[in-house]
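# Turn this into a structure:
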Amino acid sequence: MTKKIIFIVCSILCIGQTKAQYTSIPDTCFESILVSQNIDSDNTVNGQILTSDINTITTLDISSDFHTCGVSDIIGIEDFTLLEILFVNDANLSSIDMSNNLQLKRLYCKNNVITQVTISQNNLLERLDCRDNNINTLDVSQNLNLKRLNVRNNNLTNLNINLNSQLEILHCEINQLNTLDVSHNINLFSLGINDNQITSINVNNLNQIKYFTLVNNNINSINIDNNTLIEWFWIINNQITSLNLNQNHQLSSFWCQDNSLTELNLSQNLLLDELNCSNNQLSTLNVQNGANSLLTGAYLNAPFGYEDRFKADNNPNLSCILVDDAPYSTTNWLSIDATSTFVENQTACDALSLTDEELKGFSLFPNPSNNSFSIQSDFTIKSIEIYSVLGSLVKYFNTQHNNYTINELSAGMYVVKINTQANGSFMRKLLKE
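Residues are numbered from 1 along each chain as shown. Here you go, the predicted structure:
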């Protein structure tokens, strides 16, 4: 009888031991985090954990920014079979394989030393953030539900996202990409491709895009006519020579410094509140959009501090900048070259660029003048118009005179437009003392 009782007890104990399943957790940091989060029920770092402790977990954060150690290995993660969200940022992982975590929707593994990410079985994955690693290749062809992808600062030379039609946000800055096909990603509203080696990109199909940055590439032309919702457009340090922004009525932040632009028309961009077009070859700049007050003051450009909302310096060929109110811009917009002048119309601009060749056949004297001036001409004069340098008509003579009285005008620079009977019009600068 005693032997029978002992046999029954042993059988019960053996059955209990057989039913208890364990998962190996060889990384002591990984397990210590599980203990600290009260996930490991034995509360001991011993290289294993009850599988029943982890197979119902849906969200797990083992990032090193919340712990004193850095996880180097996540063996055991495969038994987190219901895991939907995993954070393992700022650790020491060299690879990550989520093949058994079929419920995974979000994976955050930034700032490790990862060279390989295996996610081909994660069909439900919606977000992947693996920036600041050493990844050379990444296969997202099976992740058809992917909406947000951040692979910034890796070693990628190629990125195929042709099958990721649900993608909304893509950051692939600071890689070694020389091409990127986004023609199939019609839901993209944010695209960052800064600091690559891209020479051209077609964004005609990106009708939803609002934020687009392609700083520090080798692009010499781009068409954004179809991107009518774009709000931020940064193309700093490329080789762009011309750009049409007439269709981009939502544009608010436009940085195009360090290119080769020769002309820029922003008259249709009524929401523009940041403009940096420094270091180009501009000879024409039109910002007469009826909303110049938005470009006054400074904005915080972290981490560089505050910058002027309007910057157009280092454009040696830019003599005229067409604006809403020239005195206002002269007072408030200071980041321009000494050779640039704010004007309100083409007449004022033309006056600033008069050449000796254009003035042949006329002699206006005395100049400077105090109360009056005379004109000696080879042509018959029909009328005389006098404009301020801001383009306002301040005096008009409808017939030819021996002397043109200007004693009521304030001291300053003026433009005299000389209209002839048969030889067109000519302009001459006049300094009133």
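
# Just give the nearest non-adjacent residue to Asn123, would you?
Gln142 (6.3 Å; Cβ to Cβ, 6 or more residues apart in numbering). Using the backbone N, CA and C atoms, a C-beta is placed for each residue, glycine as well.

# For that neighbour, give me its contacts.
119-123 (Cβ atoms under 8 Å, 6 or more residues apart in numbering).

# same question, Asp61
With contact set as Cβ under 8 Å, 6+ apart, Asp61 has these partners: 86-87.

# What backbone torsions are found at it?
phi -120, psi 110 (degrees, to the nearest 10).

# and it, how far is that from Trp333?
48 Å (Cβ to Cβ, to the nearest Å).

# Please apply the same query to Arg148.
Distance from Arg148 to Trp333, by Cβ to Cβ: 38 Å.

# Show me which of the two is the more surrounded one.
Comparing Arg148 with Trp333 by other Cβ atoms under 10 Å, the one with more neighbours is Trp333, at 23 against 16.

# Would you mind measuring from that one to Met427?
26 Å.

# Check Asn248 too.
35 Å.

# One more: Lys105?
For Lys105, the distance to Met427 - Cβ to Cβ - is 69 Å.

# before we move on, what about Thr28?
For Thr28, the distance to Met427 (Cβ to Cβ) stands at 84 Å.

# Of these two, give the one with the bigger neighbour count.
More crowded of Thr28 and Met427, by other Cβ under 10 Å: Met427, with 19 against 15.

# and the more buried one, what are its phi and psi?
Here Met427 shows phi and psi, under degrees, to the nearest 10, equal to phi -130, psi 150.

# Double-check it against Thr420; I have them as touching.
No: with contact taken as Cβ atoms under 8 Å, Met427 and Thr420 are classed as non-touching, separated by 12.0 Å.

# Could you name every residue contacting both of those two?
Counting by Cβ under 8 Å, 6+ apart, nothing touches both Met427 and Thr420.

# Wasn't the residue nearest to Asn123 part of a helix?
No: counting by DSSP: H, G, I helix; E, B strand; the rest coil, one finds Gln142 to be coil, located in no helix.

# Show the pLDDT at it.
We have a pLDDT of 97 for Gln142.

# Okay, it and Asn101: tell me how far apart.
According to Cβ to Cβ, Gln142 and Asn101 sit 14 Å apart.

# ok, for the spatially most central residue of the chain, nearest residue in space, not its chain neighbours?
In the chain, the C-alpha nearest the mean C-alpha coordinate belongs to Thr213, at 3.4 Å (Cα atoms, centre = their mean). Among residues not flanking Thr213 along the chain, Trp234 sits closest, at 4.2 Å (Cβ to Cβ, 6+ apart).

# Done for today, thanks.
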